[in-house]
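Novice: the amino acid sequence is not available; the structure is as follows:
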């Protein structure tokens, strides 16, 4: 049994699982950094807004009371504030002002930034504080009172980051569980029908009646199941036909062999009269010829089945073929009481690409069928040109073929009159070979029959790009 890790459903589901995990990981990372980045920007905007708000209050009343009030307000929050004079002298700070923040105060290395709000520190991952500086100016903008420094501990951002990480870990765990369950479900949904189809294909020849396929599904599995079911029925039919054909062929071969053995024993006895010996020898020759014909026909059918039957096609004019058909069939019917009439004298000169000998073989088989089995008194051969095909019809006025037998007359070893002996009934292979020869020519052979006679119609394609002649 195939290891589960080598099965196709497992591989498909594993690819799905890995692809889903990769997509989820990328999305989670992007979402984490996006949310965290947006939160950092919000905190920076809030810090700038508070600094500018304090600067506006101090600009309206820049005195010790207001300065102390601003410092006291920030003492109750997470942020820190420092109010400095224009010369960067610290005027007041919020309570518990860390010494580490003193490094931000007094940095006037870039004078152009002193006239606007500027962010002094944004590296929240490596630094302990974010820093913003805003100038304090009079209402008319003519006097610079000093600066407001606002600081936000980065541990707040780290706390936000930690909470996001925890939440994303929970989400990732849930996603992993859901994805794993989906993996198992998908593997089972794909695996079960495939395993069922695999078991069915193992029994398709041995136990075709026990097939249980999901043919009711409306997906690819259902289509495959229906195809396998059709294939199973076709294989069973072919198997039955093969067995029936081999059985019939064995019977057909056994009959002439029995004749050969019996008459050979008669001819070999010294006391057998001369006349009986001659009759026995003649019978042996006839049976040998019948056996040779049967084996040759069976060999041709084998070649047709194995696609090793070779056609030697050549271009030939319709008028030339009609002359040959008329000559061959006339010679066949001349030694019979049946009247034969050919109506192919005025056929146009248009080309065909055929195996001449094989087409003659087909018409010989149809003529032999009319002579031996139709009980007809009159047979006609007609031809009609269509736009791109030519139709030949052989009609007889015999007793016809029973309606229930018409669909089967091209089957191998099939005989209309089951009571006929092998000698009068033929081998039952001629029409089967004739039909396949015509099909190899990309044509068709049809039969129509009733109580007033039988008509065989042969359709052969003309050479392409050869227009029919116009008669005026």
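Specialist: It's in. If you're wondering where the values come from, they're calculated on a predicted model, not measured in any experiment.
Novice: chain center to the strand or helix carrying residue 163: distance?
Specialist: According to DSSP states H and E, residue 163 maps onto helix 155-202. Offset of helix 155-202 from its chain centre (C-alpha atoms, centre = their mean, to the nearest Å): 29 Å.
Novice: did I read that right, residue 81 in a helix?
Specialist: No: looking at residue 81 with DSSP: H, G, I helix; E, B strand; the rest coil, it is strand, so not inside a helix.
Novice: what sits closest to residue 143 if chain neighbours are left out?
Specialist: Once flanking residues are discounted, residue 143 sits nearest to residue 137: 6.7 Å by C-beta to C-beta, 6 or more residues apart in numbering. Where you see a C-beta, it was placed from the backbone N, CA and C, and this is true even at glycine.
Novice: sorry, back to before: mean confidence for the helix or strand following the helix holding residue 163?
Specialist: Sequence-wise, the next helix or strand downstream of helix 155-202 (DSSP H and E) is helix 220-268. For helix 220-268, mean pLDDT rounds to 73.
Novice: again, but for stretch 403-414
Specialist: Average pLDDT, stretch 403-414: 77.
Novice: so residue 149 touches residue 130, yeah?
Specialist: No: checked against C-beta atoms under 8 Å, the pair residue 149 and residue 130 is beyond contact range at 11.3 Å.
Novice: on that earlier part again, tell me who's in contact with the residue nearest to residue 143.
Specialist: 55, 59, 143-145 (C-beta atoms under 8 Å, 6 or more residues apart in numbering).
Novice: which residues of the stretch 351-472 of the chain fall in strands?
Specialist: 351-354, 378-385, 389-396, 444-450, 453-461 (DSSP state E, counting those that start in this stretch).
Novice: the bottom helix or strand of the protein by mean pLDDT?
Specialist: In the chain, the helix or strand scored least confidently by mean pLDDT, DSSP states H and E is helix 422-425, which has a mean of 46.
Novice: where are the low-confidence patches of the stretch 101-250 of the chain?
Specialist: Scanning the stretch 101-250 of the chain for pLDDT under 70 picks out 106-113, 200, 202-221, 241, 244-249.
Novice: what are the bridge partners for the residue lying closest to residue 68 once chain neighbours are set aside, then?
Specialist: Distances taken as C-beta to C-beta, 6+ apart place residue 92 nearest to residue 68, at 6.0 Å, with adjacent residues excluded. Using DSSP bridges, the beta-bridge partners of residue 92 come out as residue 83.
Novice: again, but for residue 453
Specialist: For residue 453, the beta-bridge partners under DSSP bridges are residue 450.
Novice: list the contacts of it.
Specialist: With C-beta under 8 Å, 6+ apart, residue 453 has these contacts: 374, 376, 395-398, 400.
Novice: most widely separated two among the contacts of residue 137?
Specialist: Pairwise distances across the contacts of residue 137 (C-beta to C-beta) peak at 13.2 Å, for the pair 55 and 143.
Novice: of those two, which one has the most company?
Specialist: residue 55 (23 against 12; other C-beta atoms under 10 Å).
Novice: residue contacts, the more buried one?
Specialist: Residue 55 touches 134-137, 148, counting by C-beta under 8 Å, 6+ apart.
Novice: distance of it from residue 119?
Specialist: In this view, residue 55 and residue 119 are 15 Å apart by C-beta to C-beta, to the nearest Å.
Novice: please apply the same query to residue 263.
Specialist: 121 Å.
Novice: these two - which one has more neighbours?
Specialist: Neighbours per residue (other C-beta under 10 Å) separate residue 263 from residue 119, with residue 263 holding more: 21 against 14.
Novice: I'd say the more buried one and residue 280 touch.
Specialist: Yes: between residue 263 and residue 280 there is a contact under C-beta under 8 Å: 4.0 Å.
Novice: give me the neighbour count for residue 239.
Specialist: For residue 239, the neighbour count with other C-beta under 10 Å is 12.
Novice: going forward, the N-terminal residue is numbered 242.
Specialist: Okay, using 242 as the starting number, the last item reads as residue 480.
Novice: from residue 648, how far out is it?
Specialist: 20 Å.
Novice: what do you get for residue 555?
Specialist: 34 Å.
Novice: and for residue 684?
Specialist: Taking C-beta to C-beta, one finds residue 684 at 20 Å from residue 648.
Novice: contact partners of stretch 616-636?
Specialist: Contacts for stretch 616-636 (C-beta under 8 Å, 6+ apart): 559, 563, 566-567, 570, 574, 578-585, 588-589, 591, 593, 604, 607-608, 611, 637-640, 684, 694-703, 705, 709.
Novice: just the buried ones from those residues, in ChimeraX syntax?
Specialist: Listed next is the ChimeraX selection for buried residues among the contacts of stretch 616-636, using 16 or more other C-beta atoms under 10 Å:
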select :559,563,566,567,570,574,579,581,583,585,588,591,593,604,607,608,611,637,638,639,640,684,694,695,696,697,698,699,700,701,702,703
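Novice: so which of the contacts of stretch 616-636 are in helices?
Specialist: 559, 563, 566-567, 570, 574, 604, 607-608, 611 (DSSP state H).
Novice: what is the nearest of the residues you listed to residue 672?
Specialist: residue 607 (7.9 Å).
Novice: check contacts around the closest one.
Specialist: By C-beta under 8 Å, 6+ apart, the neighbours of residue 607 are 635, 672, 675, 697.
Novice: report the two of these separated the most.
Specialist: 635 and 672 (12.2 Å).
Novice: what distance do you get for residue 303 to residue 333?
Specialist: From residue 303 across to residue 333, the span is 12 Å (C-beta to C-beta).
Novice: now do residue 570
Specialist: Taking C-beta to C-beta, one finds residue 570 at 130 Å from residue 333.
Novice: contacts only, for residue 307.
Specialist: Neighbouring residues of residue 307 by C-beta under 8 Å, 6+ apart: 298-299.
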